[in-house]
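Peer 1: Just the structure for this:
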Amino acid sequence: TGIAINPNLEVLFNGPRLRTFTYNFKFTPRTESEATTIRTIIKVIKKTMAPKRRDKIFLNVPAVYKIKYVYNSERKDHPFLNKIKPCALSNFNVQYAPDGNYMTYDDGSMTSYGVSLTFKELEPIYNDDIRDVDATTTGF
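Peer 2: As a prediction, this is how the structure comes out:
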């Protein structure tokens, strides 16, 4: 009949995927209290990303993060940024010499910290809107 199966169909769509979001922060403490706060932030993030032991055999799931971009000081969703479903922290990296040099203050705290976090959504995104406009008619 002159019809062939498209062998690239599997390349085009394998199923819904979980989105990942990576955030990079640079912390540079100016006071001893700021250095203590940064060390506390790093310690809390490390603890919450690890599974919790329920007993000798079973583990509970790690913390679930609800990431939200806020607008102004009203704590409302930012109108121009995407919304993110609940996430798990899949990767956390601390660079203790982000400026290329190992430097500390007199108390031993680092002069700068580079922190990288990668979150993965726990459920995929689906297009449930049947009124969705075709991309070819909108010029995209």
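
Peer 1: which other helices and strands contact the helix or strand harbouring Lys43?
Peer 2: If you go by DSSP states H and E, Lys43 is part of helix 32-49. Helices and strands touching helix 32-49, by 3 or more CB pairs under 8 Å, 6 or more residues apart in numbering; DSSP states H and E, are strand 87-95, strand 113-121. Heads up, the C-betas are built off the backbone N, CA and C, glycines and all.

Peer 1: Kindly provide the whole-number mean pLDDT of that helix.
Peer 2: Averaged across helix 32-49, pLDDT comes to 94.

Peer 1: now do stretch 78-95
Peer 2: Across stretch 78-95, the average pLDDT comes to 91.

Peer 1: first vs last residue of it, how far apart are they?
Peer 2: 30 Å (CA to CA, to the nearest Å).

Peer 1: Contacts for it, please.
Peer 2: For stretch 78-95, the surrounding residues in contact (CB atoms under 8 Å, 6 or more residues apart in numbering) are 19-21, 42, 45-46, 48-49, 61-71, 77, 113-123, 125.

Peer 1: for stretch 26-37, same thing?
Peer 2: Under CB under 8 Å, 6+ apart, the answer for stretch 26-37 is 38, 41, 98, 105, 107, 109-115.

Peer 1: need those residues in a markdown table with neighbour count and distance to Cys87, can you?
Peer 2: Converted to a markdown table, those look like this (neighbours: other CB atoms under 10 Å; distance: CB to CB, whole Å):
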| residue | neighbour count | distance to Cys87 |
| --- | --- | --- |
| Ile38 | 20 | 22 |
| Ile41 | 14 | 18 |
| Pro98 | 18 | 24 |
| Tyr105 | 13 | 34 |
| Asp107 | 8 | 34 |
| Ser109 | 15 | 29 |
| Met110 | 22 | 27 |
| Thr111 | 17 | 31 |
| Ser112 | 16 | 27 |
| Tyr113 | 21 | 22 |
| Gly114 | 17 | 21 |
| Val115 | 18 | 16 |
